[in-house]
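1. fold the following for me, if possible:
(one chain, ligands or ions: 1)
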Amino acid sequence: MVSKRMAMKTDRKDFMSYALRAMEKGDPTSMMSNEEIMTTFEVLMAAGSETTATLLSGVTYQLLENPNVLRKLVAEIRSSFAHSHEITMVSVNNLKYQLAVLEEALRIMPPVATTLRRLVPSGQGEVVGGHFVPGGMRVGVPAWTASRSPLNFRDPESFIPERWLGDVRYAEDRREASQPFSMGPRGCLGRSLAYAEMRIVLARVLFEFDLKLMKSSKSWLENLKNFGLWQKDPLMVRLRPVIRD
Ligand code: HEM
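-> Numbering: from 1, shown residues only. Okay, here's the model as predicted:
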């Protein structure tokens, strides 16, 4: 994919167009070797597109299975804008319910769901989370387990955006246990971009279309398989354009 993109003649602006332009100009501070380009863009493609796409599929499924949440979100979006071009990286920040919907989708279906291991430095070992761990061991927290544990969340299997909006029934939730972007120096570099993309795409789709889950995708969630990232069946949804005057 990286080689194909490099060979492509296009005016479309993406990450690579900036890297290629800097190289064409011969800017010595921005020169990248072929190897650097390959590895950097491999990471950006896998880390940047698959994760965001998974979340957008997951949130779409959850919304269609939870019509009350969908109704509330659609009302928020359609009452906030008159035209879809008003939906921008800045204006989506006003959609408080949508942000809670996305937080809940990231909790219930973290795109990176398995353990991201960290190595305890060799030597004396370390105390991690109150437990002594000898040096050389790998430790980590699987996001799926932390997110779905009843020790951390009330009704962990239910899709309830209100838990992110101060609903008293969920006051005891340990919201900090949901860390879909991981934490610390190796945490997600693209977190802000991911939020911007998810907020804009979801708001535009729901502004323009009424959605309905097709029967063939009713078991979409049960058919998911995880191999680090998610293996997903196609999510079949009917989109009907909203007619406005
Ligand atoms: C919903 C969307 C996303 C989720 C859930 C997500 C999640 C994560 C997680 C959990 C990590 C940590 C990996 C580790 O600790 O080993 C990570 C790393 C990373 N993410 Fe994301 N990510 C998302 C979107 C993006 C986007 C849009 C980009 C950029 C285009 C991006 C770029 C990266 C990069 C470069 C790293 C490696 C950081 C490093 O090792 O220093 N991610 N992401």
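2. and Gly58, that one's in a strand?
-> No: the assignment for Gly58 by DSSP: H, G, I helix; E, B strand; the rest coil gives helix, which leaves it out of any strand.
3. what about Arg191, how many neighbours?
-> Arg191 has 12 neighbouring residues, counting by other Cβ atoms under 10 Å. For glycine as for every other residue, the C-beta is placed from the backbone atoms N, C-alpha and C.
4. show me where pLDDT drops low in this protein?
-> For the chain, not a single residue meets the criterion pLDDT under 70.
5. can you show me the helices along this protein?
-> Assigned helices in the chain, in chain order: 2-7, 15-24, 34-45, 51-65, 67-80, 96-108, 143-148, 191-208 (criterion: DSSP state H).
6. residue of this structure nearest the ligand, please.
-> Residue nearest to the ligand within the chain (Cβ to the nearest ligand atom): Gly190, separated by 2.0 Å.
7. tell me, how many residues neighbour the residue nearest to that residue when sequence neighbours are not counted?
-> With Cβ to Cβ, 6 or more residues apart in numbering as the measure, Gly48 is the residue that lies nearest to Gly190, at 5.4 Å, once sequence neighbours are left out. When counting by other Cβ under 10 Å, one arrives at 18 neighbours for Gly48.
8. OK, contacts around Gly48?
-> Counting by Cβ atoms under 8 Å, 6 or more residues apart in numbering, Gly48 touches 190, 193-194.
9. how about Arg5?
-> Contact analysis of Arg5 by Cβ under 8 Å, 6+ apart lists 14, 16, 41.
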